[in-house]
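>>> Provided below for reference: sequence and predicted model.
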Amino acid sequence: MSTAQLVSSLEKEDRTQPGYTDEGLHELSFIRKYVFSTDHKTIAKQFLFLSLFFLVVGGALAGMMRWQLGFPGQPLPGGGVFPDTMAPGGIILPEFYNSLVTMHGTIMIFFAIMPLLVGVFGNLLIPLQLGAPDMAFPRLNMASFWLAVVAGTVMMASFLVEGGAAGAGWTSYAPLSTSGEWTGVYLGQQLWLVSLIIMGASSLTGAVNYITTVINMRAPGMTWFRIPLPTWSLFITAILILLAIPILTGGLIMLLFDQLIGTTFFIPAGSGEPLLWQHIFWFFGHPEVYILILPAMGIVSEVLSCRARKPIFGYHAMVLAMVSIAFLGWVVWGHHMFQSGMNPMLGTSFMISTVVIAVPSAIKTFNWLGTLWRGDIHFDTPMLHALSFVSMFIIGGLSGIFMAAPAVDIYLHDTYFIVAHLHYVLFGGSLFGIFAGITFWFPKMFGRMMGEGLGKVHFWLTFIFYNLVFFPMHNLGIQGMMRRLYDPNEYEFLQPLQEMSTFISISAFLLVGTQSLFAFNFFWSMFRGRQAPANPWNSNTLEWTVPSPPPHGNFAVMPTVYRGPYEYSSPEVDADFYPQDRPPPGAGPGGQAAPEPTPGPAPTPEPVAGD
Amino acid sequence: MNWSWMMPETVSTYGPAIDQLYYVILVITGVVFFLTEGALIAFLVMYRHKEGRKAAYIHGSTKAEVVWTVVPFLIVMAIALASKSSWDLVKNPANFPADAMRLVVTAKQFEWNVTYPGADGRIGTADDFTVRNQLHIPVNRAVRVNLRAEDVIHSFFLPEFRLKQDAIPGREIPVWFEATRTGEFTLGCAELCGLGHYRMKGTVYVHTEADFQSWAASRAEEQQQ
Amino acid sequence: MNHSATAVMDPRHPMPGMQVYNLKLGMWIFLLSEVMFFTSLIGSYIILRFAHPEHWTEPGVILNVSLTAVNTFLLICSSVTMVKAFAAIEQGDQKGLKLWLLATILIGASFVGIQFFEYTKLIHEGFVPNFAAYTAEGANLYGATFYLMTGFHGAHVTIGVLCLSFVLFRAMKGAYTSESYGGVEIIGLYWHFVDLVWIILFTIVYLL
Amino acid sequence: MEAKEHQKQPYILIWVILLVLTLGELGYAFMDLPKIVLALGLIAMAIWKALLVAIYYMHLRHEPRRMWILAASPLPLAVILVVTVLTEY
Ligand code: HEA
Ligand code: HEA
Ligand code: CUA
Ligand SMILES: [Cu+2]
């Protein structure tokens, strides 16, 4: 493409022109429109397909793990397809099991949940909810997606190389992860590192984009405290990503050098410090777990308020709680290292910061309950998922309190209690939040409604099986079962627990199977679902004022924002909702004579408050 | 199936304090759990959509925000405070019993090597002897173990003693414990350390003082030959 | 006004925000992540050195301080030429812009060249990052952290030189005016940041 | 664009200061002083130089207060990480 052509194609794409519509876009080739698209909505969908693919992969890995744990030493049905280095005759080998755990955790966290929350909802919602035509840097946005594809390809390729995929846990503690000498995994571990470095670059480009967009691209009247909570949460998340990911990238690079060129940053044989890796990893890792929950919290706040037809309880408190979670999240990383040989005094200070971080979570929880109180609750599929987010997050959060007390953590650390905790916050929290978000914004993304009946069946079965899988894990942990054990029956005192493990595994297979309902509903609704109106949920935020799906450039006329996003059941109007861009009564027809609605320099709080 | 929320039996001196703390947290979180989930379900039933119902137009309440910020804060600080003493007791070397029997445990893929000081009571001398995957100790006497690792990180886990501590190559990390009854207990590895992680286990034998002495003597003798 | 500049300085968005146009805000935000990246490298260096001081030697024993002082001098000069290029285009001085940019590129490239020369010499003397092959004085953590930090800094300079060349290329085509100089300003920000990192590295790696 | 007042900038003066400080560092580093005094002095001079670059060359001087806060935001995190881990040794 010559420069002149490039410029003219960009001209056509200049969605900042007032009144810009999709017309004229037909000249864009299929590739430019669907593959190398710079439209934030298309990129959101691309991220959706990519991360759902990885969610399926992660679920399949979990299924195999559960097979081994439920039926140790028995051949995996259909496991004959694996080479003898992984599962001879279908019987999973210990080293393959370690790869399964590692890749399950890695894929779920970096390639499923994180892109689902940040890649999908960040891209979809930020411009739409702010009244912007697109992201600040559309081409950077495209780069972010394609970097994620490259990273995912490298990660999947590591299954195929000699020695198999990485097997040192998703935390890849050094020195285990520094050399194939200890694990038998050489190239796989290196590909794991390379893949995460690339994925970090993808997240970073996304974060730069989101932060700039939120600060600079808001429609007139969209003051900081009129921003809908999903966008707030994604803004704060982007700041966490911006500052946490580079720390991990630095660590990954050092680990890669230890593997490849013989440095010894983390290898004690050459005076390296294994604990340094842990500090670096968890200094990133704890902010990371909040990266994985904050956007879900934002999504859930939106859905709860909309489907309870009631203003969110304590909007300002909600924002402040997220900001303080983001602040405190930087000073608690040591709670993952209580038993690592860290200085015990340091342990005490980490304990205090860790329990304090429960307070903003409490504020959020109680505000959600307050939102439901005296509401008019509609039990649609998104609402069911959002409600189950609240109830499951409470369980996951409360189990965190046990380990936050380091004395109790001595016993619980690295047992199934941790596994239960992390799945309650990550599945019960993040994934239910994602289900709520997908079902809520599906009409906006695809222009069709998602099947309600099937959606509810999927919800209830998931909710039940999910609890049957993960709740008993608390009990396993209390009875001392360690995590990442290929075959717990090696330990005599764990043998009586086999029955429970088998029960969990059967429930897990049912849970995985149930997800096919979601997949079916998803694809069926995409092509056959009922046509969606612009605003199927009678919601207030700006994305519902444009057609479903929104045209290129989003807003035919730049919206003006008159009020906060959660004015449900306002006495000022008859309907039980009051969109953000509707001029107040008394304003002339079409909002022409509307008095300037607090435009211009917003009463801006410190925009970096989130870090 | 064993759905128990009770901690299994403990045989160390500080085990009961840790279990106690666990039960306190269990009760507190249990109460919070039932209150919040109960309120959630009650609201769902009471305020479910009915024709003609309009939700209350309420934006929040500063008083409520203050209450539910301060109360959880006080509760969690109390938990932290309660935790501190047990934590210091178990993990702070300054509080370790001075007269404890000293051992060295060296972890490597995938075995535990326990080194005893031998007759002279000092480690690092010729009469030391080492046993593999067996930890013999006398009852009612504090034992101080210096943990080492040869290759990768392992974690020294005595479930019945409520003790867990990572062993890190290049460092020596002290821990202590004291058994309150004789018997055979589990020694496990709680940190992923490679493909044999799941079978890196040993047995703790708690003897009476006399039995321990005779075992040690016979072991030392074997070593000489 | 070139096209992409219109998109970023969108007239429809006189948003309060930072009162800074998108591209510049984006560059600043990106630089924050760079700060954290160098934090992880420099922080690891500080911690490792603190834990194993015996691996390091007195300044000047292995590393050639005077050569690097020259290099530091060069990089500081390149910052001044960069800021001069920016000042030129602010005045609409196209010729000044091109000259100062060219000067910056040349100085930046010589920095990389000198560093490359320094590396070859050091490696020849046995000062290498890897454990097994290290033979110089001190021990291997010294070499490893040295190459890690200066290497990633050097990579940043190299990328900066490439980007500057691109900006120069666009400047030759008259892409910048006294009204629209976003590209020059943000490459300048990046360049000064890289200089700033070097100021820190020079002190802690060579002089401490 | 916002900045026409960049015109009379002390760019050259800053350059001279930076060079003088660099020479100062070079001289100071090889003085016969206790290690800690050397370290503190050198770090102080390095930070001084870094600030000069940020304030004058990166034009923080002309940016709104929010930009200062934005620019400074990672620094506390960096300090927290390094200082905390250092207490281990
Ligand atoms: C989304 C992810 C997420 C979230 C939100 C959290 C939230 C919390 N986590 Fe969790 N955590 C993980 C993901 C997450 N965690 C993961 C993945 C691991 C394992 C990593 C690995 O090793 O592989 C882990 C591990 C982990 C550990 C280390 C355990 C160990 O390895 O030994 C600890 C220890 O303190 C901990 C604590 C907490 C605490 C205190 C919270 C708090 O933020 C929770 C706060 C919430 C509540 C408390 C509930 C709501 C509040 C109320 C209803 C109010 C009333 C409550 C009280 C008065 C108590 N977590
Ligand atoms: C968000 C993260 C996430 C999620 C969702 C899950 C989901 C599951 N996990 Fe996960 N798990 C982790 C994160 C997660 N896990 C992490 C971080 C670890 C620690 C790793 C380590 O120790 O290093 C871990 C470890 C871990 C263990 C401990 C292993 C061990 O220590 O030995 C076990 C054991 O049972 C387990 C089981 C499961 C099961 C049965 C599921 C099931 O819920 C899976 C159900 C299936 C799905 C969720 C897929 C569904 C697919 C769709 C819904 C998409 C369909 C739609 C379309 C195609 C359109 N996990
Ligand atoms: Cu040793 Cu696990
Ligand atoms: Cu954490």
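Cool, the structure landed. Ligands and ions are numbered 1, 2, ... in the order given.
>>> rest of the way, CA atoms for contacts and neighbours
Fine.
>>> For the residue in chain A that ligand 2 sits nearest to, give me its contacts.
Using Cα to the nearest ligand atom, residue A:484 is the residue of chain A that sits closest to ligand 2, at 3.1 Å. Applying Cα atoms under 8 Å, 6 or more residues apart in numbering or on different chains, we find residue A:484 in contact with A:98, A:101, B:192, B:198.
>>> any idea of the mean pLDDT for the longest helix seen in chain B?
Among the segments of chain B that qualify as a helix by DSSP state H, the longest is helix B:15-46. What helix B:15-46 shows for mean pLDDT is 96.
>>> Does anything pack onto it? Which helices or strands?
Contacts defined by 3 or more Cα pairs under 8 Å, 6 or more residues apart in numbering or on different chains; DSSP states H and E place helix B:15-46 against helix A:358-372, helix A:381-404, helix A:406-412, helix B:62-91.
>>> where exactly do the helices run in chain D?
D:11-29, D:35-52, D:65-72, D:74-86.
>>> Show me the one of these that comes nearest residue A:114.
Residue A:114 lies closest to helix D:74-86 among those, at 22.4 Å (Cα to Cα).
>>> Would you check which of the contacts of residue A:484 are in contact with ligand 2?
The residues of those that also fall near ligand 2, by Cα under 6 Å from any ligand atom, are residue A:101.
>>> Among the contacts of residue A:484, name the ones in helices.
Short answer: the contacts of residue A:484 in helices (DSSP H) are A:98, A:101.
>>> Hmm, residue A:431 is touching residue A:113, no?
Yes - between residue A:431 and residue A:113 there is a contact at 7.1 Å, judged by Cα atoms under 8 Å.
>>> quick one: pLDDT of residue A:18?
37.
>>> sorry, back to before: now tabulate the contacts of residue A:484 in a markdown table and tack on neighbour count and distance to ligand 3.
Output for those, formatted as a markdown table (neighbours: other Cα atoms under 10 Å in any protein chain shown; distance: Cα to the nearest ligand atom, whole Å):
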| residue | neighbour count | distance to ligand 3 |
| --- | --- | --- |
| A:98 | 27 | 12 |
| A:101 | 25 | 14 |
| B:192 | 25 | 4 |
| B:198 | 25 | 7 |
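>>> Any idea which residue of chain C lies closest to ligand 2?
Going by Cα to the nearest ligand atom, ligand 2 is nearest to residue C:40 of chain C, at 22.9 Å.
>>> quick one, which of the helices and strands packed on helix B:15-46 is nearest to residue A:292?
Nearest of these (Cα to Cα): helix A:381-404, 12.4 Å.
>>> And that closest one, how far out from the chain middle?
How far helix A:381-404 lies from its chain's middle: 15 Å, per Cα atoms, centre = their mean, to the nearest Å.
>>> Is it in proximity to chain B?
Yes - legend: contact between helix A:381-404 and chain B by Cα under 8 Å from any Cα of the partner chain is shown at A:391, A:394, A:395, A:398, A:399, A:401, A:402.
>>> Let me see the contact set for residue B:216.
So residue B:216 contacts residue B:118 (Cα under 8 Å, 6+ apart).
>>> let's go with 10 Å and repeat that
The contact partners of residue B:216, by Cα atoms under 10 Å, 6 or more residues apart in numbering or on different chains, come to B:116, B:117, B:118, B:119, B:129, B:136, B:137, B:210, B:222.
>>> Let me know the helix or strand that it is in.
For residue B:216, the enclosing helix or strand under DSSP states H and E is helix B:209-224.
>>> Please spell out which residues along that helix are buried.
Buried positions in helix B:209-224, judged by neighbour count with 16 or more other Cα atoms under 10 Å in any protein chain shown: B:212, B:216, B:219, B:220.
>>> so what pLDDT did the second one get?
Confidence per residue is given as pLDDT, and for residue B:216 that number is 89.
>>> and what of the first one?
On the pLDDT scale, residue B:212 is placed at 93.
>>> Quick check: mean pLDDT of stretch A:123-132?
Here stretch A:123-132 scores 94 as its mean pLDDT.
>>> any residue of it up close to chain C?
Yes - counting by Cα under 10 Å from any Cα of the partner chain, chain C has neighbours in stretch A:123-132: residue A:132.
>>> what do you get for stretch D:56-72?
Yes - residues of stretch D:56-72 contacting chain C under Cα under 10 Å from any Cα: D:56, D:57, D:58, D:59, D:63, D:64, D:65, D:66, D:67, D:70, D:71, D:72.
>>> how far away is the first one from ligand 1?
In this structure, residue D:56 lies at 42 Å from ligand 1, with Cα to the nearest ligand atom, to the nearest Å as the measure.
>>> same thing with the fourth one?
With the distance defined as Cα to the nearest ligand atom, residue D:59 ends up 39 Å from ligand 1.
>>> Tell me how many other residues crowd that residue.
Using other Cα atoms under 10 Å in any protein chain shown, residue D:59 has 17 neighbouring residues.
>>> tell me the SS of the residue lying farthest from the centre of chain B?
For chain B, the largest distance from the centre (Cα atoms, centre = their mean) belongs to residue B:52, which lies 57.1 Å off. Classification of residue B:52 by DSSP: H, G, I helix; E, B strand; the rest coil places it in coil.
>>> roughly how far apart are it and residue B:199?
Distance, residue B:52 to residue B:199, using Cα to Cα, to the nearest Å: 65 Å.
>>> now do residue A:567
Plainly put, residue A:567 is 60 Å away from residue B:199 if you go by Cα to Cα.
>>> who's more crowded, the two?
residue A:567 (26 against 19).
>>> Let me see the contact set for residue A:559.
Applying Cα under 10 Å, 6+ apart, the residues near residue A:559 are A:130-132, A:218-222, A:542, A:545, A:580-582.
>>> The residue of chain C found nearest ligand 1 in helix, strand or coil?
Using Cα to the nearest ligand atom, residue C:40 is the residue of chain C that sits closest to ligand 1, at 20.9 Å. Recorded secondary structure, residue C:40: helix (three-state DSSP).
>>> again with residue B:176
Three-state assignment for residue B:176 (three-state DSSP): strand.
>>> what's the spacing between residue A:285 and residue A:336?
9 Å.
>>> and if you look at residue A:380?
Counting by Cα to Cα, the gap from residue A:380 to residue A:336 is 38 Å.
>>> who has more neighbours, those two?
residue A:336 (22 against 19).
>>> coming back round to it: and the two most separated of the contacts of residue A:484?
Between any two of the contacts of residue A:484 (Cα to Cα), the greatest distance is 13.3 Å, for A:101 and B:198.
>>> list residues touching both of the two?
Common neighbours of residue A:101 and residue B:198 (Cα under 10 Å, 6+ apart) are A:483, A:484, A:485, A:486.
>>> and the first one, how many residues sit next to it?
The one in question is residue A:483. Neighbours of residue A:483 (other Cα under 10 Å): 21.
>>> you'd agree it is up against residue B:192?
Yes - counting by Cα atoms under 10 Å, residue B:192 is a contact partner of residue A:483 at 8.3 Å.
>>> Find residues that contact each of these two.
Between them, residue A:483 and residue B:192 share the contacting residues A:414, B:198, judged by Cα under 10 Å, 6+ apart.
>>> Could you report the distance from the closest residue to ligand 3 within the stretch 151-300 of chain A to residue A:338?
Of the residues in the stretch 151-300 of chain A, the one nearest ligand 3 is residue A:176, at a distance of 10.4 Å by Cα to the nearest ligand atom. In this view, residue A:176 and residue A:338 are 19 Å apart by Cα to Cα.
>>> When the two are compared, which one has more neighbours?
More crowded of residue A:176 and residue A:338, by other Cα under 10 Å: residue A:338, with 29 against 24.
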